[in-house]
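*Asks:* Requesting a structural model of the entry that follows:
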Amino acid sequence: MLVKEIMTSPSITVRTDTPVPEVARLMQERDIGAVVVVDEGGRLCGIITESDFTGIGRCVPFSPDLAPVVFGARAATLEELGRIYDMARKLKAKDVMSERVETLEASDDVGSAVHRMLTHNLKHLPVVRDGPPVGMVARHDVLKLLRSGLSR
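*Replies:* As a prediction, this is how the structure comes out:
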């Protein structure tokens, strides 16, 4: 089975200059976990995922505790976390996107897509055609394999 048979298309994109609150609103309204960031020519230049908004847990030095790191800043208290989110309201997509993006081609085998997701611990892989994004494969798209059958 090919990626084009399970991908969600079209991909939802934002421009590099899109304000972060607008990105968050779009993701909530569309109930999606990631958006592709494109330049003026529509070419993929990054990705923003839910984890960019929720942060990741990083070890606190000399402690067994984790502190959230959101938008590149560590928040040890709820007050600090509030300040980070206030600051983030002024950012643009280019400021928070991940520039290193694993991508797929529509003609790739689904097995290779799943392998990349597992190998790189990714939940979303943009599908591109000659640069511009044409779709997205998320982990939930892999469930389509059960509906369609694995016999192809």
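
*Asks:* can you pull out the helices in this protein?
*Replies:* Applying DSSP state H to the chain gives helices spanning 20-30, 50-54, 78-88, 93-96, 110-120, 144-148.

*Asks:* So which of these is nearest Val134?
*Replies:* The minimum distance between Val134 and the helices of the chain falls on helix 110-120, with 14.2 Å, by Cβ to Cβ. Bear in mind the C-beta positions are built from the backbone N, C-alpha and C, glycine included.

*Asks:* then that closest one to CSV, C-alphas only?
*Replies:* This file holds the C-alpha atoms of helix 110-120, laid out as CSV (Å, rounded to 0.1, in the frame of the first residue of the first chain):
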residue,chain,number,x,y,z
VAL,A,110,3.3,2.8,4.0
GLY,A,111,5.7,0.3,5.6
SER,A,112,8.6,2.8,5.2
ALA,A,113,6.4,5.6,6.6
VAL,A,114,5.6,3.5,9.7
HIS,A,115,9.3,2.6,10.1
ARG,A,116,10.3,6.3,10.0
MET,A,117,7.7,7.2,12.5
LEU,A,118,8.9,4.5,14.9
THR,A,119,12.6,5.1,14.3
HIS,A,120,12.4,8.9,14.8
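
*Asks:* Need the contact partners of it.
*Replies:* With contact meaning Cβ atoms under 8 Å, 6 or more residues apart in numbering, helix 110-120 is reached by 1-3, 5-6, 102, 104, 122-123, 125, 137, 139, 142, 145.

*Asks:* Mind listing what's buried along that helix?
*Replies:* By neighbour count on 16 or more other Cβ atoms under 10 Å, the buried set for helix 110-120 is 110, 113, 116-117.

*Asks:* so which of these would you say is closest to Ala24?
*Replies:* Of all those, Ala24 sits closest to Met117, with 23.8 Å by Cβ to Cβ.
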